[in-house]
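J.: I would like the atomic coordinates for the input below:
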Amino acid sequence: MVDLHVHSTRSDGTYTPTQLVDYAIEKSLSAFALTDHDTVDGLEEAISYAALLRQQAGKRISQPALIPEVIPGIELSTEYQGKDVHIVGLYIDYHDARFQEYLRHFVASREERNHKMCALLQEAGMEISYEALQSTFPDSVITRAHYAKYMLMQGYVKSIAEAFDRYVGDHCPYFVPREKVTPAQAVSLIREAGGIPVLAHPILYHMSDARLDALTGELKEAGLIGIEAIYSTYHACDERQIRRLAAKYDLLISGGSDFHGDNKPGLDLGTGYGRLYIPEEVLDRLRLAHEELVEQKIR
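T.: This is a model prediction of the structure:
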């Protein structure tokens, strides 16, 4: 069993990259993709720790324990016709210079947005600063989930939902939109970094069938390779719809829990809300596609 959509404390999850590896072992996963939002900062930690465990296990016993493969990934935030659309990248070369430059630019843009949002919330009477958020959530890419949690901790709201409904949701007076690329640009960035671009959880965008079909077609032309057809909140009819899209546009199937730890209560690594199952064959096909891309690049 694998999980190809997982978050750590380096974005808006509650497990550190190291803890994710340990938990993946506990859950008997053969592989998981660390796909934090717009950052690759946790990849080195998770990959190195898994390698160390594998080395130690090999020395202790004749048959090493199942240490999961940590797939280097990312989830890029984009915008399409006024909607947030996410593109997951799998097997990215996270050391790629152009990709790193893009991420640095994006982080600077996000920081500027965060300072503006903090100023607006201060005008509303909340003692909240970007520095306080960074101190409270060290080593994290600050997202609106962190704002909501901070507001709850400080007693400004009674729930995370209230924070989004009144203060930091898309149409609230204190929300400042951040700079985003288009989904097609994200696909190209991932391809240039040697990765496999995947359209994440398309059902969650609540598009009409025609609009989702058009988006998928556009992204296929831009270089899309996969689509998330197996996901924690999907019903059987949702999975069938996405599998039909995959067949129409010759896309590979991907799947993930979108695990965030305590930030998504009841949603577990590998199994989602209890019925999720992503077979290793899904990863085998994606891995093969990545190997073919690498070979093409060498030629």
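J.: continuing past the lengthiest helix in the chain, what's the next helix or strand?
T.: The single longest helix within the chain, with elements called by DSSP state H, is helix 97-123. For helix 97-123, the following helix or strand on the C-terminal side (DSSP states H and E) is helix 130-136.
J.: which residues sit against that following helix?
T.: Glu111, Asn114, His115, Cys118, Ser140, Ile142, His146, Tyr147, Tyr150, Met153 (C-beta atoms under 8 Å, 6 or more residues apart in numbering). C-beta coordinates here come from the backbone N, C-alpha and C atoms, glycine included.
J.: what's the distance between Gly217 and Arg191?
T.: 17 Å (C-beta to C-beta, to the nearest Å).
J.: one more: Glu221?
T.: 12 Å.
J.: separation between the residue nearest to Ile203 when sequence neighbours are not counted and Pro202?
T.: Excluding the flanking residues, the one nearest Ile203 by C-beta to C-beta, 6 or more residues apart in numbering is Asp238, at 4.7 Å. Separation of Asp238 from Pro202 (C-beta to C-beta) stands at 9 Å.
J.: try Glu162
T.: For Glu162, the distance to Pro202 - C-beta to C-beta - is 29 Å.
J.: check Leu152 too.
T.: 31 Å.
J.: same deal with Ala148?
T.: Applying C-beta to C-beta to Ala148 and Pro202 gives a distance of 25 Å.
J.: ok, and what's touching the host helix or strand of Ala210?
T.: Per DSSP H and E, Ala210 falls inside helix 209-222. Helix 209-222 is contacted from outside by 80-81, 85, 87, 183-184, 187-188, 197, 199, 202, 205, 207, 224, 227, 241, 245, 248-251, using C-beta under 8 Å, 6+ apart.
J.: same deal with stretch 166-186?
T.: Taking C-beta under 8 Å, 6+ apart as the rule, stretch 166-186 contacts 76-80, 84-85, 87, 89, 106, 109-110, 113, 116-117, 120-121, 124, 144, 147-148, 151, 157, 164-165, 189, 197, 199, 215, 218-219, 221-222.
J.: surely Asp258 is in contact with Ser232?
T.: Yes: using C-beta atoms under 8 Å as the test, Asp258 is close enough to Ser232 to be in contact (5.8 Å).
J.: more neighbours: which of those two?
T.: Asp258 (25 against 22; other C-beta atoms under 10 Å).
J.: burial check on Glu281, number of neighbours?
T.: Glu281, neighbours per other C-beta under 10 Å, totals 10.
J.: confirm that it sits in a helix.
T.: Yes: according to DSSP: H, G, I helix; E, B strand; the rest coil, Glu281 belongs to a helix.
J.: re the thing from before, top of the contacts of helix 130-136 by neighbour count?
T.: Going by other C-beta under 10 Å, Tyr147 tops those with 26 neighbours.
J.: in what helix or strand does that residue lie?
T.: helix 144-154.
J.: just the buried residues of the helix or strand just after that helix, please?
T.: Sequence-wise, the next helix or strand downstream of helix 144-154 (DSSP H and E) is helix 160-163. Buried residues in helix 160-163, counting neighbours by 16 or more other C-beta atoms under 10 Å, are found at Ile160, Ala163.
J.: now swap in stretch 225-245 and tell me
T.: 225-232, 234, 238-239, 241-242, 245.
J.: neighbouring contacts of that stretch?
T.: The contact list for stretch 225-245, computed with C-beta under 8 Å, 6+ apart, reads 5, 88, 90, 196-204, 209, 212-213, 216, 246, 249, 251-258, 267, 272-273, 276-278, 282, 286, 289.
J.: got the end-to-end distance for it?
T.: One end of stretch 225-245 to the other measures 12 Å (C-alpha to C-alpha, to the nearest Å).
J.: distance of Asp139 relative to Thr9?
T.: The value you get for Asp139 to Thr9, if C-beta to C-beta is used, is 6 Å.
J.: for the chain, just list every one of the strands.
T.: 2-6, 31-34, 69-80, 83-90, 196-199, 226-231, 252-256 (DSSP state E).
J.: which ones are touching Tyr273?
T.: Residues counted as contacts of Tyr273 (C-beta under 8 Å, 6+ apart) are Ser232, Thr233, Gly266, Leu267.
J.: just give the nearest non-adjacent residue to the third one, would you?
T.: In other words, Gly266. Per C-beta to C-beta, 6+ apart, closest to Gly266 is Tyr273, 6.1 Å.
J.: sweet, I'm off.
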